[in-house]
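Enquirer: When you get a sec, could you give me coordinates for this:
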Amino acid sequence: MCVLLVCYSVYTQNPSQIDILTTEDGLLFRDVSNIIQDQKGLMWFGTTQGLNRYDGHQFKAYTSNAQNPFFLEEDFITSNMLYDDVDNSIWYLANDKLFQLKITKDSIISYNEKHNVEERVLDIYKAPDKTIWIVTDDYWKVEKNLSKLYLKKFENGKFNLIASVDRYKYIFNNLTFDGKGFVWWTTTRGTNKYTPEGKLLEHHVLDTYDWNGDFIHYVQHFFDRNNIQYYFPPSSGGIYIFNADEKISKIIFETSEIIRRAIEDDEGNIWFAGDDALYRMDTEGNFTDYTNLLKSKLDYSKIKNLYIDKNSLLWIATDNGLFKVKTQKQLFLTFFKSKNDGWGNSMRGIFEDANQRIFSLCENKHQLWYKTKNGQIDSLSLKTKSGTPLSLKYDASFLVTNNAKTHAYAIGNGICEIDLKTGVTQIYDQFNNKNNIHGPNALLKLSDGRLLFGFTLEYLTVFNPITQQSYSVFNNLSENDNIRNLMFFEENKDQNHVWIGTRNDGVLKIDLNGNILKSYNMSSTPQFGKHPVLCLEEDVDGSLWVGTYGGGLKHIAADGKTLTSYTKTEGLSDDNVVSIIPDGDDKLWISTYNGLSLFNKTTKEFQNFYTEDGLSHNEFNYSSFFKDSQGLYYFGGMNGINVFNPIMLQESVRPPDIQVLGISGYNSITKQSYVNDYAQTELKEFIASPYDQYFEINWTMPSYFQNNKNTYSTKLEGLEDRWFYQGNTSSIRYNQLPAGDYVLKVKGTDSHGNESASILSIPIEVRQIFYKKWWFILLVMLAIIAVMYSIFRYRFQQALAMERLRTKISSDLHDDVGSLLSGLAMQTELMEINASESDKFKLQKIAGISRNAISQMRDLVWSIDSRRETIKDLIERMHELAEELLLPKEISFQIDSSNIKNPNKKLPAQTKQNIFLIYKEAITNVLRHSDASNVNITISNQAKGCQIVIKDNGSEKDSYKSTGLGLSNMAMRAEKLKGNLDFQKENGFGVQLHLPFQF
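Expert: Numbering: from 1, shown residues only. All right, here's what the predicted structure looks like:
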C-alpha cells in the first residue's frame, strides 16, 4: 500500500470562492480606491476618474464630464469614502477636497472655509458612534516649518478642531478608533491616543525607520471586535499585537510584506492586505495566504482597500478592478481530490467497510481508494486468488458490501467479490455474459443479502453469494419484450419487488418471479417521457422519486396516477440528476451535472450549492453517492468526493430584499423617452400615461457573488394569475398595457436557490385615455341625450303642429265644405220640384253626388281628425256607418268588440283610415251585391295580432262584381297595413282582415 494524497481543505485552495468585477463588466475605470454600500444595498466605487454606483447589473457613473447629467466638480477619488446612513449620503475626497453627495437628490455639497475646512483634506473617517472625522493639512498655506496636521470632527454643519500635530516633512497619517471610543492618530512622530474631546492620553512609538534620511515613527493600526490592537511596522513587515496597558508588542505573523490595512468579517476572521498580498487569519489564529489565488483570477499590482458588505462578501479594490471573496465558513470537505482544477479524479461506487473506512473507485486510475477514520488516504491493491494484479474497469460503476461489510461486490469479468482486508478478489465469471462490458451495469444488494444484476430483462439475475445459487428472473422473453439498458435498481418496500430505471423505456416495477407489475413510459398514463433514468429513490409513502438525464427530477405518486416534474425552472440546479439521498422525511439531497441541490418536499423549494461553496467540482457522477453509518453524506464527481453532515451544514445567508431601481418608457405624445430613478427614493405607485407606448421596470437583488446566477420570477396581478420565470433578467417591459390597476410582484433566488427575504410589490396604475374616462363618456351621453331631446322636441312640435293643422282642416272641411255641399244638395232638391221630367233625373244625380261627396268628406274629416284617434272612436264610426248604410236597407247588423283589451289605444291616422276604408268598402259591397238580411262584424285579438271579420248571410253567387276597383283597393290597403285579406264565398260573403298588431 502507498499513501496517495492528503486531505486538503478546499476552502483555502478553491478559486471559485473568488469573483471579479472589471471594466469589461462596465466598471468606470480600473483603478479603484474605495468601496462602500448604501442602505438599499447598492455598491459605490471610487476611482481616479469618478464615482460608480453598481446594482449588480448596471453601473451609474458620476464624472467631471460637463455632458454627464451626474456631474462631479472633482473626480480624482483616492482616499476613504464613507456612507452616512443618517442622511443617506456619501462623503468622498477628490483632489484634496471634501464633498458630500446627497444620494436621494443627486446633489453635492462642497465643504470649504464656511464649514471650517480651509486646508486640503487628507482623509476622512467614521467613528463607531457614526460621527464624521477628517484630517487636514495647511502645508501649502503657511511657512513649511510651521505647517500642521489637524484633526477635526463634524458637528452642527461644521468641522470643529479636536487636535493638531506638527506636520514635519511628510503627510503619513492613520486614524482609527478603539472599542471604547478613544481616538488613535498616527503620524510621522508616532501614535497619539485621544479622548473624543481631543485630550491627549498616551503617546507611543511602535516603530522607527529611515525614510529618505529622516527617522519617522509612522505605523498603521487596526482594532478588532474584541478591541485587540494590531499594528503593522514598515521597518520589518509582519503583523503585531500591542497591549497598550502593559506596553508590550507581540508578533503573530511574520512576513516581509508591509501590511497596509485590515478588516474583520462576520465570522470573526481578520483579513490583512499588503501592497499586493492578502492573508486571512481565522478565529484560531491560523493564517492562509490568498495572494496566489487572487493573482490567478486577475492581474493587479496594488491593493487599495478592503470592504465587507451586508452579505459578508469581502470586496478588494485594486488598481485593475475589484475582487469579491466569500468569507463564510466552509460548507463541504473533500477528499480524493486532485490538486488540478477541472476534471481530476473521477469517483464512482462509494461504500463503507466494517472499520468505517470510506472506499470509492477512482475511475480514471482504475484503483480502489479509501479514507480511514483519522483521515489517512490510501488504496487497496486488488489481486486474484492466484496473486495476479486486478483492476476494476468502467463497467464497475456500482459497488456494494455484504451485511458484515467485510467484502465488496463489483461487476467486472463477471461478479467480483473483494476481500476488503486483503484485496483478494474472487471472480464469478459464469455471469460474464450477463453484463455489458461498456457499462453501465446496475448492481443492487437486496435486503436478504442476495445480489441483483443484469443489463437486460433477459439477463436479469439473482445471485446468493453465500449459497452461490442463482437464477434468471425472466425466462423465455421474446425479442420485443426484452427491455435493454437497465440503468438503476431500487428495492421496493414490498418483499421481492424491485423498481428498475431504464435508458429508453422509463421505469418498471417487477417481482423477482419474472412479472412486470407496473410500467411508466411514453405510452403510459401518466406519461413518463423518454428521458434516461439515472437514479431512483422510493419514499416512505410508497411514491417514487426519479432522477433523469435531461428531464430533471420526477415524482410518481404512490397511487401511480400523477407524475410531477421539477426542473431548472422550478429551482433545481441542473436537469441531469445522477443521485438522490433522503434527509429525514421531508428533504432530499440531489446531485446533478451542475451542482448539488437540497429539496424540501413540503415547501417545494430548492437550495443549491456549487464550487464556490466548497464543492470540489460542479459535475457529479452517476452511481457515486452514499450515506455512512455516522450520518455523513458523500457525493462523488469529476474531481474527488464531497462529504458533509447535513445537521452541521450551515444554512446559507438568506438573500436580501429585491430593490426597484427605476422605470423607463416612451411617450407617444411628447415623442420622448423618460427614465425615473427609484434606487434611492420610495416608489409608492407608478402611474403610466395612456400615451406610454411601453414602460420597463428594473430591479436588483443586492447579492453580488456569482450574481449572474441570481434568477427572478414575476407576476402582474390584475393581468396574470401565475408566476413567470425571467431567468437572470432583472427587468420586464410592458407594451401598451390596458388601462387599470395592477401590482407587479417580483421574487428572486440567489445562486443557491434561496428565495429573497421578501417579495417586491410595485403598484401600477395605467390611466385611461380621456375618451374612455367616465366623465368623458358621461358628457358624450349627456350630449347625445340633449341632441335626442332636441330632435324629439322638434318632432313633437312638428307633430303637434300637424295635429293642429289636421284639426283645423277637418273643422274647416266639416264646417265650410260640408255646408256648401249640403246647400248644393238642398238647392238641387228644390230645383227638382219645379223641374221638367227630363231635368229631374239630372238634378237627382247632382243631389246624389252631393250627398255622396258629403259622406266621403265626412269620412275623410273623421280620419284626419286628431280628436278621433282611438280604437273606441274607430268602432263608433264603424257603428255609425253601418247604421247609415244598412238600416235604411232593412239589413240588421251586430258589431262584437268584446275581445278588445285597450279601446283607448291610439291608432296612427293612416292606419285608422285604411282600416275604416276597407270596412266601408266591405259594407258597400254588401249593399250592392248581396241579398243578405244580416251582417256580423267581429273585432277580436289573437295570439299574433288581431282580426276584423265582416260576414253577411246572403246567398251564394257565381261572381261578385263591384264598381271600380273595390276589392283590389281593399287588398292594397291591407298590404299597407302589413296584413292580409281573405274573402269567403260560402254561406254568404265575408271579408277577413288579419293585422300584425293587437287592439
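
Enquirer: and K385, how many residues sit next to it?
Expert: By other C-beta atoms under 10 Å, 10 other residues sit near K385. (Each C-beta comes from the backbone N, C-alpha and C, glycine too.)

Enquirer: can you check Q367 too?
Expert: Per other C-beta under 10 Å, the neighbour tally for Q367 reads 17.

Enquirer: Where do the helices of this protein begin and end?
Expert: For the chain, the helices defined by DSSP state H cover 291-297, 774-812, 818-834, 837-864, 871-885, 909-929, 966-976.

Enquirer: For stretch 846-864, give the mean pLDDT please.
Expert: Across stretch 846-864, pLDDT averages out at 65.

Enquirer: for the closest residue to Y622 other than its chain neighbours, what are its contacts?
Expert: Spatially, and ignoring its direct neighbours in sequence, Y622 is nearest to V578 (4.5 Å; C-beta to C-beta, 6 or more residues apart in numbering). V578 makes contacts with L534, C535, G547, S591, T592, Y593, F620, N621, Y622, S623, S624, F625, as judged by C-beta atoms under 8 Å, 6 or more residues apart in numbering.

Enquirer: gap between the third one and D575?
Expert: It refers to G547. Counting by C-beta to C-beta, to the nearest Å, the gap from G547 to D575 is 10 Å.

Enquirer: If you count surrounding residues, which of those two has more?
Expert: G547 (27 against 20).

Enquirer: Okay, and the beta partners of the residue nearest to that one when sequence neighbours are not counted?
Expert: Nearest non-adjacent residue to G547, counting by C-beta to C-beta, 6+ apart: V577, 3.2 Å away. Beta-bridge partners recorded for V577 (DSSP bridges): T592.

Enquirer: Let me know how buried V577 is, in neighbour terms.
Expert: Counted with other C-beta under 10 Å, the neighbours of V577 add up to 31.

Enquirer: Start at 9, not 1
Expert: Right, with 9 as the first residue, what we last looked at is V585.

Enquirer: Quick one: residues contacting it.
Expert: By C-beta under 8 Å, 6+ apart, the contact set of V585 is L542, C543, G555, T556, Y557, G560, L561, I598, S599, T600.

Enquirer: I'd assumed F496 was in contact with the first one.
Expert: It refers to L542. Yes. Using C-beta atoms under 8 Å, L542 makes contact with F496 at a distance of 6.6 Å.

Enquirer: shared neighbours, these two?
Expert: Counting by C-beta under 8 Å, 6+ apart, the residues touching both L542 and F496 are G509.

Enquirer: so who does F463 touch?
Expert: Neighbours of F463 in contact, by C-beta under 8 Å, 6+ apart: K442, N443, N444, P448, N449, A450, R492, N493, L494.

Enquirer: List just the nearest of the residues you listed to F185.
Expert: Among the contacts of F463, P448 lies closest to F185 (C-beta to C-beta), at 63.5 Å.

Enquirer: separation between that closest one and R356?
Expert: 10 Å.

Enquirer: Report the set of residues contacting both of those two.
Expert: What both P448 and R356 touch, as defined by C-beta under 8 Å, 6+ apart, is the set S405, Y630, S631.
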